[in-house]
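Undergrad: build me a model from this:
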Amino acid sequence: MKRLALLTLVFAVLSVVFFLLLIFFRFSFPLYPLISYQDALDLLTPLVLIPIYWLLFKAASGEAPSGRVEIAFMVLASLWVLGQGMHLAANSVDNLIEGLARRQVVDVRPTDVYQLAYWFDEHLSHYAWHLGVVGLAALLIYREARRPSGEATTWWVIIVSGVLYGFLLFTIFLEGQTVILGLPSLLVMVVFGLISARRKLAQRPVLAFFFVACLLGLLLLGGWGVYWRGFPQFSDVGLI
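TA: Modelled structure (predicted):
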């Protein structure tokens, strides 16, 4: 298996693990019971995924990145980490508040304390994080386009990786209430991929990966929007 193809597969699998599968670990963490295993494991998310972003960034092109492009990577990665960390903390506080209310210990949901935590959790953190997700994807595509690595696209790996990551993009934009950011971003990347498809996708595995992922994410979001006549979260329609 070629290096870039392997990196996209590792990236997609670990993204699904840290973004989706951790929700099944929402039970008390014995070393500090106010948080859950999900919260504790989520601390590892940027420590695992940002280095893989960097490996993709380095491998995507046959030339060393310029200082300007490296700064762009650091800014976008910082935005990604800022949003993810903000979400982790605020979401943990939200879960605690809602748990205390369910157990009739104390209910602060009508107060400004809850509203502030909810704003950080469901709004500011999601937009910062997902803007980092979109921005890093665009930067990787740009870097590869400047001077491709010369590695041929291993299609079966790229398709598997793209399907996994495309489903993830659909879920994070929908459940994160950032469809207004995700939908046009996916559309732009799909159009760019289609323009490049005839001659370039076979020699640009990073572009091929994001094209497959964005195409699937766009189709899923579009289908969801048509079916529900809007973009309700999974929890709003009783699916979780």
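Undergrad: for the rest of this, base every contact and every neighbour count on C-alpha atoms.
TA: Noted.
Undergrad: where is the longest helix in the protein?
TA: Counting by DSSP state H, the longest helix found in the chain is helix 67-102.
Undergrad: give me the buried positions along that one.
TA: 70, 73, 76-94, 97-98 (16 or more other Cα atoms under 10 Å).
Undergrad: and the residue nearest to Tyr114 when sequence neighbours are not counted, how far from Ile195?
TA: Excluding its sequence neighbours, the residue lying closest to Tyr114 (Cα to Cα, 6 or more residues apart in numbering) is Val108, at 6.4 Å. Using Cα to Cα, to the nearest Å, one gets 52 Å for the distance from Val108 to Ile195.
Undergrad: then Glu70?
TA: 27 Å.
Undergrad: just Leu183 next, same as before
TA: Taken as Cα to Cα, the span from Leu183 to Ile195 is 18 Å.
Undergrad: quick one: residues in contact with stretch 172-190.
TA: Stretch 172-190 is contacted from outside by 19, 122-123, 126-127, 130-131, 134, 138, 210-211, 214-215, 217-218, 221, 231-234, using Cα atoms under 8 Å, 6 or more residues apart in numbering.
Undergrad: check stretch 13-33 too.
TA: With Cα under 8 Å, 6+ apart as the test, stretch 13-33 has contacts from 34-38, 40-42, 45, 49, 161, 164-165, 168, 172.
Undergrad: of these, which is the nearest to Ala202?
TA: For Ala202, the nearest member of the contacts of stretch 13-33 is Ser161. The distance, counting by Cα to Cα, is 15.5 Å.
Undergrad: contact partners for the closest one?
TA: By Cα under 8 Å, 6+ apart, the contact set of Ser161 is Thr8, Leu9, Ala12, Val13, Phe209, Ala213.
Undergrad: was I right to think the first one contacts Ile158?
TA: Yes. Using Cα atoms under 8 Å, Thr8 makes contact with Ile158 at a distance of 7.1 Å.
Undergrad: shared neighbours of these two, anything?
TA: Phe209.
Undergrad: buried subset of the contacts of stretch 13-33?
TA: 35-38, 40, 42, 45, 49, 161, 164-165, 168, 172.
Undergrad: leaving out the residues flanking it, which one is nearest to the most centrally placed residue in the chain?
TA: The residue lying closest to the centre of the chain (Cα atoms, centre = their mean) is Val133, at 5.3 Å. By the measure of Cα to Cα, 6+ apart, the closest residue to Val133 outside its immediate chain neighbours is Trp80, 6.5 Å from it.
Undergrad: what count of nearby residues applies to the residue nearest to Met86 when sequence neighbours are not counted?
TA: Leaving aside its sequence neighbours, Met86 sits nearest to Ser125 (Cα to Cα, 6+ apart; 5.5 Å). For Ser125, the count of nearby residues is 27 (other Cα atoms under 10 Å).
Undergrad: and Ala12, by the same measure?
TA: 23.
Undergrad: ok, then the element right after the helix or strand where it lies?
TA: If you go by DSSP states H and E, Ala12 is part of helix 3-19. Remark: after helix 3-19, the chain's next helix or strand is helix 37-42, criterion DSSP H and E.
Undergrad: list the helices and strands that following helix packs on?
TA: Secondary-structure packing of helix 37-42 (3 or more Cα pairs under 8 Å, 6 or more residues apart in numbering; DSSP states H and E): helix 67-102.
Undergrad: could I get the buried residue list for the helix or strand following the helix it packs on?
TA: Per DSSP H and E, the first helix or strand lying C-terminal to helix 67-102 is helix 112-119. By neighbour count with 16+ other Cα under 10 Å, helix 112-119 contains the buried residues Tyr114, Ala117, Tyr118.
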